[in-house]
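Participant: no sequence on this one, just coordinates:
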């Protein structure tokens with residue numbers, strides 16, 4: 001399979017050890033498939049400039065909470081970054097160049113902006129993959145505080161996260177320890193791509209949905225459900241050789257899958273044509 005230049009750049013970035021992946025650069029290469037003329041270095045420079053402005057505003061004794069307040073003041077009050085509550089599923093919310101240009105995004109892309117800035121001012125933070133709502137926190141184990149980049153950088157404590165979870169699901173949900181665990185760079189990028197996949201599937205736009213799945217598989221080659229979904233989309237677009245390969249591999253990987261009968265029916269339909 002021949003990759004586009006943007007896909008090659010994405011692969012080069014994510015094939016490194018996880019801790020060496022530059023999240024914002026990988027995210028911009030995701031966007032580059034949608035915007036082939038996108039200049040990645042220009043957006044990285046913009047993040048550099050934002051971080052430098054924040055660095056100059058930091059107090060002489062930048063305690064963690066003061067640092068977060070300084071970031072929040074500049075990002076949300078001066079630059080007017082905001083969570084998109086009116087058109088949450090606009091794909092532009094998932095492309096980092098659009099988020100920087102429009103200063104509007106969803107939790108995970110605003111988190112990438114925040115993480116990139118924090119890293120540049122020597123205040124490393126990590127992603128928290130809470131179900132339904134991405135958060136971040138300072139990379140200090142003794143600090144049980146979280147930041148919600150979608151909601152103006154609101155600072156949350158564990159009980160606040162529990163309340164946010166209940167709000168998201170419209171009912172009490174028992175907080176599990178894994179809900180507030182850190183995610184790897186690859187996991188964060190896969191979650192971004194999963195958002196794009198869902199958006200394009202809902203719009204019945206097969207090719208960009210396929211592109212999202214293919215990049216998830218670059219991150220996690222053994223993701224069985226992604227192989228299944230790619231196989232189904234190949235089937236829908238009459239690419240039966242590729243469909244058969246993916247669906248047969250899926251059944252090998254998950255022989256007791258709940259949908260195994262449906263997948264076998266698809267394979268039989270291809271065999272009978």
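Facilitator: That came through, no problem. All figures in this text were calculated on a predicted structure; none of them were measured in a lab.
Participant: all strands for the stretch 101-250 of the chain, in order.
Facilitator: Secondary structure of the stretch 101-250 of the chain by DSSP state E, counting those that start in this stretch: the strands cover 104-105, 125-128, 135-138, 146-148, 154-156.
Participant: With mean pLDDT as added columns, please give the ones you listed in JSON lines.
Facilitator: Formatted as JSON lines, the strands of the stretch 101-250 of the chain follow (pLDDT from 0 to 100):
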{"stretch": "strand 104-105", "mean pLDDT": "98"}
{"stretch": "strand 125-128", "mean pLDDT": "97"}
{"stretch": "strand 135-138", "mean pLDDT": "96"}
{"stretch": "strand 146-148", "mean pLDDT": "96"}
{"stretch": "strand 154-156", "mean pLDDT": "95"}
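Participant: Let me have the ones you listed in JSON lines, adding distance to residue 44 and mean neighbour count as columns.
Facilitator: C-beta coordinates here come from the backbone N, C-alpha and C atoms, glycine included. Putting these into JSON lines (distance: least, CB to CB, whole Å; neighbours: other CB atoms under 10 Å) gives the following:
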{"stretch": "strand 104-105", "distance to residue 44": "17", "mean neighbour count": "24"}
{"stretch": "strand 125-128", "distance to residue 44": "18", "mean neighbour count": "22"}
{"stretch": "strand 135-138", "distance to residue 44": "19", "mean neighbour count": "22"}
{"stretch": "strand 146-148", "distance to residue 44": "22", "mean neighbour count": "23"}
{"stretch": "strand 154-156", "distance to residue 44": "27", "mean neighbour count": "17"}
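Participant: Including distance to residue 17, could those strands go into TSV?
Facilitator: Formatted as TSV, the strands of the stretch 101-250 of the chain follow (distance: least, CB to CB, whole Å):
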stretch	distance to residue 17
strand 104-105	27
strand 125-128	16
strand 135-138	21
strand 146-148	26
strand 154-156	30
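Participant: Of the ones you listed, give the one that comes closest to residue 264.
Facilitator: strand 125-128 (38.1 Å; CB to CB).
Participant: Run through the neighbouring helices and strands of the worst-scoring helix or strand of the chain on mean pLDDT.
Facilitator: Using mean pLDDT, DSSP states H and E, helix 158-169 stands out as the lowest-scoring helix or strand of the chain, at a mean of 90. Counting contacts by 3 or more CB pairs under 8 Å, 6 or more residues apart in numbering; DSSP states H and E, helix 158-169 packs against strand 146-148.
Participant: How are the helices of this protein distributed by residue range?
Facilitator: Per DSSP state H, the chain carries helices over the ranges 5-14, 23-34, 40-57, 64-72, 96-102, 107-120, 158-169, 185-202, 206-219, 224-236, 240-253, 260-271.
Participant: so which of those helices comes closest to residue 143?
Facilitator: helix 64-72 (6.3 Å).
Participant: quick check: angle from the closest one to helix 107-120?
Facilitator: Relative orientation of helix 64-72 and helix 107-120, computed by axes from the mean of the first three to the mean of the last three CA atoms, to 10 degrees: 120 degrees.
Participant: Centre of the chain to helix 64-72, how far?
Facilitator: Averaging C-alpha positions (CA atoms, centre = their mean, to the nearest Å) puts helix 64-72 24 Å from its chain's average.
Participant: where are the low-confidence patches of the stretch 51-200 of the chain?
Facilitator: Low-confidence segments of the stretch 51-200 of the chain, defined by pLDDT under 70, are absent.
Participant: Which residue, other than its chain neighbours, is closest to residue 144?
Facilitator: Computed as CB to CB, 6 or more residues apart in numbering, the closest residue to residue 144 that is not its neighbour in sequence is residue 158, at 5.8 Å.
Participant: For that neighbour, give me its contacts.
Facilitator: 144, 146, 175, 180 (CB atoms under 8 Å, 6 or more residues apart in numbering).
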